[in-house]
Every structure is written in structure tokens, then in C-alpha cells.
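**Student:** When you get a sec, could you give me coordinates for this:
(one chain, ligands or ions: 1)
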Amino acid sequence: MGAMIPYVTETPDIRIPPNLLPADGRFGAGPSKVRPEAVAALSAASGSFLGTSHRQKTVKSVVGSLRAGLTSLFSLPDGYEVVLGNGGTTCFWDAATFGLIEHKSQHLSFGEFSSKFATAAATAPHLGDPEVISSEVGTHPLPVAREDVDLYALTHNETSTGVMMPILRPGGAPLPADGGGLVAVDATSGAGGLQVDPAEFDAYYFAPQKCFGSDGGLWVALLSPAAVDRIGSIAATGRWVPASMDLTIALDNARLEQTYNTPALATIFLFDNQVQWFNDNGGLGFSTGRSDRSAEILYSWADNSDFATPFVHREQDRSHVIGTIDFDDSIDAAVVAKVLRANGVVDTEPYRKLGRNQLRIAMFPGIDPEDIASLCACITHVVGALAQ
Ligand SMILES: *Cc1c(COP(=O)(O)O)cnc(C)c1O
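**Tutor:** Have a look, this model is predicted:
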């Protein structure tokens, strides 16, 4: 940062040797790599599955498989429910603003995504002012137990900065069953790639275009019995809720292996395929293990390089699913990203609003750790060629 970076209009003509290139060049933070095996399975099933009614057995059985697969992947205790609806995580924030927050929420804000739910709650006329606890980008704050907070909003992985945080109920807060607040976790980019204990959350929600290697437009929430109770108790107060955002309707439909309105069938199929792939290979230990391995490769490469440094200072905060790597001022990371793109290695650009001289690299479980190693070699090659 600081120093002037020359404005480059043309991408330097650097050809990366084919032997250095990753087998798959997709490193985007979302939509992210969709495994070719999942696409092949969709193609094979397309004649009987795509273009058929979501109210009939063929599709309902895939939704059922997805819900059962997620229950198993996350080892959900009895009484937890898997609910889904249309509109992605952003719509779930609205649904939660209507149907999960009673009066007052507390939000940890440490980047673009975590700040958005706080804004949704702050602007809702039927809620009190939320408490927002912020920290510098590249770090995360911790929740603080409060008597008047009925929902704590955490983010497992802040996708804009590459910071992950452990999911734990706020220290000293009573459990929801004893009058404490619910813990609702935006796990859009963390779910499936980071370990989590269901005892520590009441709503763990995400969308499938990140670790689950599918497409966007769907939200899923893993709800504890306390969250299900909350949905019922808010509905009982008669609070007005638009039907498409109504969690009681979403819950009723999920129990019938359906969504309230028509979902994207390909998205559900690819999502279920990825969950099966995780479960068939050992579950969350397998999927998080792949991201752990990729993170080890990326951060040790950066630590050993003389031009790249992990942006996140504390090692335990460095995300294992999204790596943010700062570059020395003498190198324009935007040019590196352009050269990579011209060579078929795409979406390594940083989060635009962060405005740093860095690359952002997804390490979701579907991305092969070997490909992260290849990407590191490609970056080293490009930086060397740019210096010539
Ligand atoms: C991608 C992302 C979102 C937005 O998800 P949509 O499905 O596009 O609404 C929200 N939160 C986090 C942490 C994300 O990574």
C-alpha cells in the first residue's frame, strides 16, 4: 500500500509453462469451482431429473438426501432441522430479521459480509437498535454476553478479508433454553470447510456456491430446537412477515422435502452431490482436511517468499478456506491476477472494497490442494517474469 502503483492498461504477455499450471484454474471465492464429476452426474441424471416437478418424488428424494446428508455431515443432534429456501444468504438475513430476532441482536462486524446482517437488523422498524461490535479488517471481535440480546450474529469466515473465527457461544451467556440469546452463524463460506460443533450454534446458515461447489440462489439453515421454538414464538405474536421470508413456511416445506416456491433443481443436485462426496470420504474431517492442507501450502509459500505475506496477522485467524496474500509494493497484484487470468487461472483478484495490493484465493474443499501448490508456483513464475 502507500507507494504509487503504475497504471497498466495491457496485460503483459507472459505464458506460464503448462507443467506449472493447475489441473483446474478456478480459485474464486464464489461462485467457486464446481467439480466436473458433479456436473457429469447432473448430466447423467438430467433426462429424468431436470425439468420435472419439485413437488414430486424424483426431486423430493434429492432434497431429502441433501437434508439427511447435511444432518450426517454436521453430526446434528436430535431435534435439529435442516431448512432451505430461495434467495441465498442475503435473503436469509431478511428472513432472520423477521423470524429469528425477537427485539435486539448483537453483531460482530469485521468485513463486508458480517456488516450486512447488522445493517438489515438496524434498519428493521420492528426491532430495537442492534449492538454492533467491530474490529479492524484482518481481525475479528468476540461476542459479549448481554441480558438484553436475544440473538448473537457471528460469521464463521469473513470472505472479504480471509479471517476465520471459532464458533463458540459467548462466554458466560446462558443457553437459549435458560433464557440466553440464540447464536446465529453466517457460515456461507465456512460451512463444510471449517470444523464446527452444533452445540455451539442455534442457526448455522449458508449458500451452496462456496464449499459446496454448487450454484447460488439457495439458502440452507441448520436450526437447533431453540431456534425452531423461536420461529414459533415470534410467529405467535402475529408479527407481519412476507410469505417468501417466513421461516414458519420454510420449515413446514422443508419437513415435506420442499421449498415454498420453485428452487433451481440443478443447484440442489450439485449441492447434494458434493455433500455425498464429503460423506462418502469420511465427512467433515475429510472436507476440512482438504482445506487445512491447502491453507498450509498457501501460507507457508507466502511466509517463505520474499514478495508475499499473509494479510491476516494472527496465525489462528488466517482462514483455511479463503487466503488473502499481500504483495510487496514493487509488485502490482492486479497485474499478477490479470496474467494468471490470461493463462486460464481465474478469480484470484482481491475483494474490491478492501482496496489492498493482494490476491484472494479460495481453498474450498473441492479445490485440490495440489492445485493450490501449482497456483503458488505460477505466481512465483509470473512475479519473476514481471521483474525481467
Ligand atoms: C458469499 C457470502 C454471502 C452472500 O451470499 P449470497 O448467497 O450471495 O447472498 C454472505 N456471507 C458470506 C460470509 C459470504 O461469503
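**Student:** My guess is Val62 contacts Ile268. True?
**Tutor:** Yes. If you go by CB atoms under 8 Å, Val62 and Ile268 touch, sitting 5.8 Å apart. Heads up, the C-betas are built off the backbone N, CA and C, glycines and all.
**Student:** More neighbours: these two, which one.
**Tutor:** Under the neighbour definition other CB atoms under 10 Å, Val62 and Ile268 were set side by side, and Ile268 has more, 23 against 20.
**Student:** so which strand or helix has that one?
**Tutor:** Remark: Ile268 resides in helix 265-280, with elements defined by DSSP states H and E.
**Student:** Can you give me the buried ones in that helix?
**Tutor:** Buried residues in helix 265-280, counting neighbours by 16 or more other CB atoms under 10 Å, are found at 265-279.
**Student:** Which one of those is nearest to the ligand?
**Tutor:** Comparing the buried residues of helix 265-280 against the ligand with CB to the nearest ligand atom places Thr267 closest, at 10.9 Å.
**Student:** Is the closest one in contact with Val220, as I believe?
**Tutor:** No. Judged on CB under 8 Å, Thr267 makes no contact with Val220 at a distance of 10.8 Å.
**Student:** How many residues are close by Ser244?
**Tutor:** 15.
**Student:** before we move on, what about the one 5 residues further on?
**Tutor:** Residue crowding around Ile249 was assessed by other CB under 10 Å; the count is 20.
**Student:** Secondary structure of it: a helix, I assume?
**Tutor:** Yes. Under DSSP: H, G, I helix; E, B strand; the rest coil, Ile249 falls within a helix.
**Student:** What pLDDT does the model give the residue lying closest to it once chain neighbours are set aside?
**Tutor:** The shortest distance from Ile249 to any residue other than its chain neighbours is 5.1 Å, reached at Tyr260 (CB to CB, 6 or more residues apart in numbering). Tyr260 carries a pLDDT score of 97 in this model.
**Student:** now the helices: where do they sit in the stretch 201-350 of the chain?
**Tutor:** Counting by DSSP state H, counting those that start in this stretch, the segments of the stretch 201-350 of the chain that form helices are 225-236, 247-255, 265-280, 284-304, 333-342.
**Student:** pLDDT on the fourth one, on average?
**Tutor:** What it means is helix 284-304. The predicted confidence, averaged over helix 284-304, sits at 98.
**Student:** oh, and call the first residue 37 from now on, that's how I've got it
**Tutor:** Got it, first residue is 37 now, which makes that one helix 320-340.
**Student:** Just the angle for it relative to helix 301-316, thanks.
**Tutor:** 90 degrees (axes from the mean of the first three to the mean of the last three CA atoms, to 10 degrees).
**Student:** buried stuff in helix 320-340?
**Tutor:** 320, 323-331, 333-335, 337-338.
**Student:** which one of those is nearest the ligand?
**Tutor:** For the ligand, the closest of the buried residues of helix 320-340 turns out to be Ser327, at 14.2 Å, with distances computed as CB to the nearest ligand atom.
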